[in-house]
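> Sequence and predicted model, in that order:
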Amino acid sequence: MTSKETLAKPVDEATAFLKKVCKKVPRVAVVLGSGVSVLEALEECSTYPFHEVFGVSPSVEGHSGSLTVGRLPCAGSDELVAVFRGRFHLYEGHDWSVVTLPAQVVANWGIPYYLLTNAAGGLNRTFSVGDLMVLTGYRDHLGPELRQTGLLPALSAPPTNVCNRLSDLLLATGKKLEAERSDFHPLRQGVYAALLGPNYETMAEIEMLRRLKADAVGMSTVPELRTVKGTQTMAAAVSVITNVWREDQPMGGHEEVLEASKKASARLDLLFRTVIGQL
Amino acid sequence: MNIKQARKIDFTGQLPGFQHFPRFNDEVTRFLRLGGSEKTVVVVDRAVGPKLAAPSLVVDHLNLTGCCPLVGPNDPCGPRFPVVNGIYVAECESLETALPQLGKIVAAGLKDGVEPDADEVQLLKFLGADAFCYNTVPTMIVAAHAGYKVLALLLPQAAKATKELVEALS
């Protein structure tokens, strides 16, 4: 156990802190990935740095690490929304227990709906920068068990299906918004491959993931999805496609990811506000 | 590429003038990060694969180790999220002259000690790998993060370093 992990609060302690400072259990928790900015200006809100809630903080630019709890007008006057800005990543050196701590707290607190976002590289050649992809499945290439075996077992396994009522609602709402508004691009759907990072993929790895039928690739989200599976919390996830890997174009870096995420955030904000209003 | 000036890492224990390591470990990372202004490195390793009948240059890789040597606080020698494409040196005149059979392959880096079964070898082939090895891929990731170009040469398991190879790499 590293020094960071010894500072992390136990799930019950972090949950107790939130129960103390919040009047009621939020209806929805939302996690914002790199550069994703949605659900700003919550009403009657309070913000808590991650280190205050969890005892530890993320260390990556673009992942500020705070939790805001407040009211979203569309969610009903009494409903609270919890917005996690940033998350913990395995590539930072955190243990699985810390990376999944916010998800464990969301489930332990009894939040019924959990919307996850991430910035992802597009593998599907029909995707464009700025597309929003609702996850229908994931490939787990970062689970801690793979440190002992390498990735061969993960490569042999099929993707894990994550379709549920919440992901269906995201897709249905996307179709409705697309019909109503010219500025709302069609939602994509597909399989997200989670890699450990922190380096970006090689072209050979991108081709490998394409052969495995993955549509997007990133370094997060799967730990949260795995954590709340089997709990009372229903999770769905949306990837913001920040680049599309093509052989004839140079690969960008983290700055490009942040910029593309910002541009797609307006459509994601509309999607989430509309979906949350129906929950 | 000027091989004479490059830093040199050998995982086969056969090459004079190289820094020898039995396997990839933190010492390899330190060796690369303590390098001076020279930003090319030659890495020689063993590999296995149906297409690996002769020494081959790595042109790309799959990291299938389940680990990454960059996990943890970022070392200031490179960016937090390094782009590791275009790092391999795939043309080397002296090697091509010395080794007419020199191949060019995509290497899969496996967890040290993992021996893929026949089905897994087929899977690796389907996924684009021509051969698998244990040390080159993590070494390359550390090197790429530190700003190196990498000439990675993989030798078949039973191959011995010939006089021509040793001279070409000197």
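Alright, I've got the coordinates. Residues are numbered from 1 along each chain as shown, chains lettered A, B, ... in the order given.
> only C-alpha atoms for contact and neighbour calcs from this point on.
OK.
> measure stretch B:82-89 end to end?
Length of stretch B:82-89, first residue to last, C-alpha to C-alpha, to the nearest Å: 18 Å.
> can it be found next to chain A?
Yes - Stretch B:82-89 lies within reach of chain A by C-alpha under 8 Å from any C-alpha of the partner chain, at B:82-85.
> List just the nearest of those residues to A:Leu171.
Distance ranking of those against A:Leu171, using C-alpha to C-alpha, places B:Val83 first at 32.8 Å.
> how close does that closest one get to B:Pro69?
From B:Val83 to B:Pro69 the distance is 15 Å (C-alpha to C-alpha).
> follow-up on the earlier one: just the buried residues of the residues of stretch B:82-89 next to chain A.
B:82-85 (16 or more other C-alpha atoms under 10 Å in any protein chain shown).
> how about the helices of chain B, start to end?
Shown for chain B, the helices assigned by DSSP state H span residues B:26-33, B:93-98, B:118-126, B:136-145, B:163-168.
> Any idea which of these gets closest to A:Gly143?
helix B:136-145 (18.4 Å).
> Could you check how far B:Arg23 is from B:Ile9?
To B:Ile9, B:Arg23 is 10 Å away according to C-alpha to C-alpha.
> Compare neighbour counts for the two and give me the winner.
Remark: of B:Arg23 and B:Ile9, B:Ile9 carries more neighbours, 24 against 17, as counted by other C-alpha atoms under 10 Å in any protein chain shown.
> Flag every residue of chain B that's near chain A.
Residues of chain B lying near chain A (C-alpha under 8 Å from any C-alpha): B:60-68, B:70-74, B:80-85, B:106, B:110-111, B:114, B:120, B:123, B:126-128, B:141.
> shaky segments in the chain?
I went with chain A, as the question did not name one. When residues are selected by pLDDT under 70, those of chain A lie in A:1-6, A:60-64, A:75-77, A:246-262.
> which ones are touching A:Arg87?
Contact partners of A:Arg87, counting by C-alpha atoms under 8 Å, 6 or more residues apart in numbering or on different chains, are A:31-33, A:58, A:63, A:65, A:99, A:102.
> Point me to the helix or strand that includes it.
Counting by DSSP states H and E, no helix or strand carries A:Arg87.
> neighbours of A:Leu270, just the number please.
16.
> In a helix, it, correct?
Yes - the assignment for A:Leu270, made by DSSP: H, G, I helix; E, B strand; the rest coil, places it in a helix.
> State which one residue of the stretch 1-150 of chain A is found closest to chain B.
For the stretch 1-150 of chain A, the residue positioned closest to chain B under C-alpha to the nearest C-alpha is A:Gly93, at a distance of 3.8 Å.
> List the contacts of the residue nearest to that residue when sequence neighbours are not counted.
Sequence neighbours aside, B:Gly72 is the residue nearest to A:Gly93 in space, at 3.8 Å (criterion: C-alpha to C-alpha, 6 or more residues apart in numbering or on different chains). B:Gly72 sits next to A:91-94 when contact means C-alpha under 8 Å, 6+ apart.
> returning to that earlier point: would you mind putting the helices of chain B into JSON lines with mean pLDDT alongside?
Formatted as JSON lines, the helices of chain B follow (pLDDT from 0 to 100):
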{"stretch": "helix B:26-33", "mean pLDDT": "94"}
{"stretch": "helix B:93-98", "mean pLDDT": "81"}
{"stretch": "helix B:118-126", "mean pLDDT": "94"}
{"stretch": "helix B:136-145", "mean pLDDT": "95"}
{"stretch": "helix B:163-168", "mean pLDDT": "82"}
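> which stretch among these comes nearest A:Asn108?
helix B:136-145 (38.2 Å).
> Compute the inter-axis angle for that closest one and helix B:26-33.
For helix B:136-145 against helix B:26-33, the angle by axes from the mean of the first three to the mean of the last three C-alpha atoms, to 10 degrees is 30 degrees.
> quick revisit: generate a PyMOL selection restricted to the buried subset of the contacts of A:Arg87.
In PyMOL, this line selects whichever of these come out buried by 16+ other C-alpha under 10 Å:
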select buried, chain A and resi 31+32+33+58+63+65+99+102
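> Now render the contacts of A:Arg87 as a markdown table, adding secondary structure and distance to chain B.
Formatted as a markdown table, the contacts of A:Arg87 follow (DSSP: H, G, I helix; E, B strand; the rest coil; distance: C-alpha to the nearest C-alpha, whole Å):
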| residue | secondary structure | distance to chain B |
| --- | --- | --- |
| A:Val31 | strand | 21 |
| A:Leu32 | strand | 19 |
| A:Gly33 | coil | 15 |
| A:Pro58 | coil | 11 |
| A:His63 | coil | 13 |
| A:Gly65 | coil | 16 |
| A:Val99 | helix | 13 |
| A:Pro102 | helix | 20 |
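> tell me the strands in chain B, going along the chain?
B:7-10, B:19-20, B:40-47, B:56-64, B:103-110, B:131-133, B:149-156 (DSSP state E).
> So which of the ones you listed is nearest B:Leu34?
strand B:7-10 (11.0 Å).
> just checking, what packs against that closest one?
Using 3 or more C-alpha pairs under 8 Å, 6 or more residues apart in numbering or on different chains; DSSP states H and E as the contact test, the elements touching strand B:7-10 are strand B:19-20, strand B:40-47.
> Contacts for it, please.
Contacts for strand B:7-10 (C-alpha under 8 Å, 6+ apart): B:17-21, B:35, B:38-45.
> Now the two most distant members of those residues.
The most widely separated members of these, counting by C-alpha to C-alpha, are B:Glu38 and B:Asp45 (21.0 Å).
> Which of those two has more residues huddled nearby?
Each of B:Glu38 and B:Asp45 has its neighbours counted (other C-alpha under 10 Å); B:Asp45 has more, 23 against 12.
> All the strands of the stretch 51-200 of chain A, residue numbers only.
Counting by DSSP state E, counting those that start in this stretch, the stretch 51-200 of chain A has these strands, from start to end: A:66-71, A:80-85, A:113-122, A:132-141, A:160-161, A:188-195.
> Next, format those strands as JSON lines and append mean neighbour count.
Shown next, in JSON lines, are these (neighbours: other C-alpha atoms under 10 Å in any protein chain shown):
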{"stretch": "strand A:66-71", "mean neighbour count": "22"}
{"stretch": "strand A:80-85", "mean neighbour count": "24"}
{"stretch": "strand A:113-122", "mean neighbour count": "25"}
{"stretch": "strand A:132-141", "mean neighbour count": "24"}
{"stretch": "strand A:160-161", "mean neighbour count": "14"}
{"stretch": "strand A:188-195", "mean neighbour count": "24"}
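> and of those strands, who's closest to B:Pro156?
When the strands of the stretch 51-200 of chain A are ranked by proximity to B:Pro156, the top entry is strand A:132-141, at 28.3 Å, counting by C-alpha to C-alpha.
> OK, contacts around A:Gly121?
Contacts for A:Gly121 were tallied using C-alpha under 8 Å, 6+ apart; they are A:216-218, A:241-245.
> Contact distance from chain B - what residues of chain A qualify?
So chain A meets chain B at A:90-94, A:141-142, A:146-152, A:156, A:196-205, A:207-208, A:211-212, A:251-254 (C-alpha under 8 Å from any C-alpha).
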